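Enquirer: Provided below are the primary sequence and the corresponding predicted coordinates.
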Amino acid sequence: MRRIAVSSLLAVSLWGCSHAPSTPPAAPAPPSASKSNAAPPPAPAASSSAPPAANAVDPAVVQALQNMGKYLQTLRTFEAQVDLSGERVLQDGQKLLHMATAKVDVQRPNMLRAEMRSARSARDLIYDGKTVVLYLPEQKYYSKAPFTDNLDELGNRLQERYGIELPVADLFLWGTPQAPLGNMTSAMNAGQDVVDGEVCDHYAFRQDNVDWQIWIATGARPLPRKLVITNRADEARPQSVSLIRWRVNPGFNASRFTFTPPKNATEAKFVPLKSQ
């Protein structure tokens with residue numbers, strides 16, 4: 001059996017390739033609290049019409065995320081088609097835009113098929129509740145490993161053990177105690193926009209060295225339709241943009257989540273990134 005490290009199979013993950021800067025991240029600015037010797041700036045005059053502080057965390061905005069998560073957790077089956085564009089920063093600061101797609105079929109609690117495509121790679125990830133398989137259709141290599149956890153654990157375990165990034169992994173965390181709500185310093189309602197013909201509420205957040213925006217469909221089905229992530233650790237502020245189209249409660253055949261090796265396909269053993 002061929003033995004290949006997962007990192008060499010994947011090269012770069014679909015979600016990391018487009019917005020990972022090619023220059024080292026700039027060090028974040030020191031917090032203002034450390035400037036104890038500097039005189040504080042004069043306080044602005046009070047005004048009843050002044051906008052809210054940019055770093056305010058609006059509880060209603062956080063609640064909107066939680067409502068979205070609760071709705072996502074009610075979906076037993078869904079299909080998400082993701083179009084991703086992301087910026088890569090060259091040494092001289094010039095930005096290049098790259099694109100990728102992913103089609104994710106889900107049947108809760110523990111079945112998934114993700115088909116990830118870009119000009120650099122093509123990968124399929126199939127999980128039937130017992131075995132997870134990574135398949136490279138162009139090279140006809142596949143790797144498989146036993147796994148029995150639900151989808152909300154699948155993304156973390158694949159990343160930690162094999163360096164595999166599951167597309168739209170946060171979709172399985174929203175509405176659970178693992179939802180990424182920590183270290184939030186800003187959460188604001190930015191109004192409404194139309195995404196792919198659907199009216200959406202637009203929210204903006206700041207967490208650590210990341211600014212991110214999300215557009216959530218209004219009405220009875222609060223689905224995330226667009227996501228923008230800005231890397232503030234890099235002075236070039238590269239961004240990635242994901243547009244998500246949905247099919248809610250589609251019917252799937254069991255074969256959709258079953259992997260049968262194609263003719264002439266070669267098994268390549270998963271190699272963990274580190275001892276587990």
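Expert: Received, thanks.
Enquirer: just the pLDDT for I126.
Expert: pLDDT recorded at I126 is 97.
Enquirer: is it true that it lies in a strand?
Expert: Yes: using DSSP: H, G, I helix; E, B strand; the rest coil, the secondary structure at I126 is a strand.
Enquirer: buried ones in stretch 191-200, by neighbour count?
Expert: Of all the residues in stretch 191-200, those buried under the rule 16 or more other CB atoms under 10 Å are 195, 198, 200. C-beta here means a position set from N, CA and C on the backbone, and glycine is covered the same way.
Enquirer: next one, pLDDT for A179 please.
Expert: The score at A179 is 84. That number is its pLDDT.
Enquirer: among the buried residues of stretch 191-200, which lie within strands?
Expert: Among those, the ones falling in strands (DSSP state E) are 195, 198, 200.
Enquirer: what ranges does the protein have for its strands?
Expert: Counting by DSSP E, one finds strands in the chain at the ranges 2-3, 77-89, 95-107, 111-118, 122-127, 131-136, 141-146, 184-195, 198-207, 210-217, 224-231, 239-248, 266-269.
Enquirer: now the ones you listed as TSV including distance to D58?
Expert: Converted to TSV, the strands of the chain look like this (distance: least, CB to CB, whole Å):
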stretch	distance to D58
strand 2-3	51
strand 77-89	27
strand 95-107	30
strand 111-118	33
strand 122-127	36
strand 131-136	39
strand 141-146	42
strand 184-195	5
strand 198-207	9
strand 210-217	14
strand 224-231	18
strand 239-248	23
strand 266-269	48
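Enquirer: out of the ones you listed, flag the one nearest L173.
Expert: L173 sits nearest to strand 224-231 of all the strands of the chain, at 12.2 Å, using CB to CB.
Enquirer: the spatially closest residue to D124 that is not a sequence neighbour bridge partners, please.
Expert: In space, not counting the residues next to it along the chain, D124 is nearest to Y135; the distance is 4.4 Å by CB to CB, 6 or more residues apart in numbering. Y135 forms beta bridges with D124, Y142, as assigned by DSSP bridges.
Enquirer: just V210 next, same as before
Expert: Beta bridges link V210 to Q207, N231 when assigned by DSSP bridges.
Enquirer: how about it, what does it touch?
Expert: When the contact criterion is CB atoms under 8 Å, 6 or more residues apart in numbering, the partners of V210 are 229-233.
Enquirer: if we go to 7 Å?
Expert: 229-232 (CB atoms under 7 Å, 6 or more residues apart in numbering).
Enquirer: before we move on, what about Y142?
Expert: 133-135, 261, 265, 267-268.
Enquirer: at 6 Å what do you get?
Expert: 133, 135, 261, 265, 267 (CB atoms under 6 Å, 6 or more residues apart in numbering).
Enquirer: for A145, same thing?
Expert: A145 makes contact with 132, 270, according to CB under 6 Å, 6+ apart.
Enquirer: what pairs with the residue lying closest to D105 once chain neighbours are set aside across the strands?
Expert: Leaving out its chain neighbours, the residue that sits closest to D105 by CB to CB, 6+ apart is R113, at 4.6 Å. Note on R113: beta-bridge partners by DSSP bridges are D105, I126.
Enquirer: number of nearby residues for R113?
Expert: 21 (other CB atoms under 10 Å).
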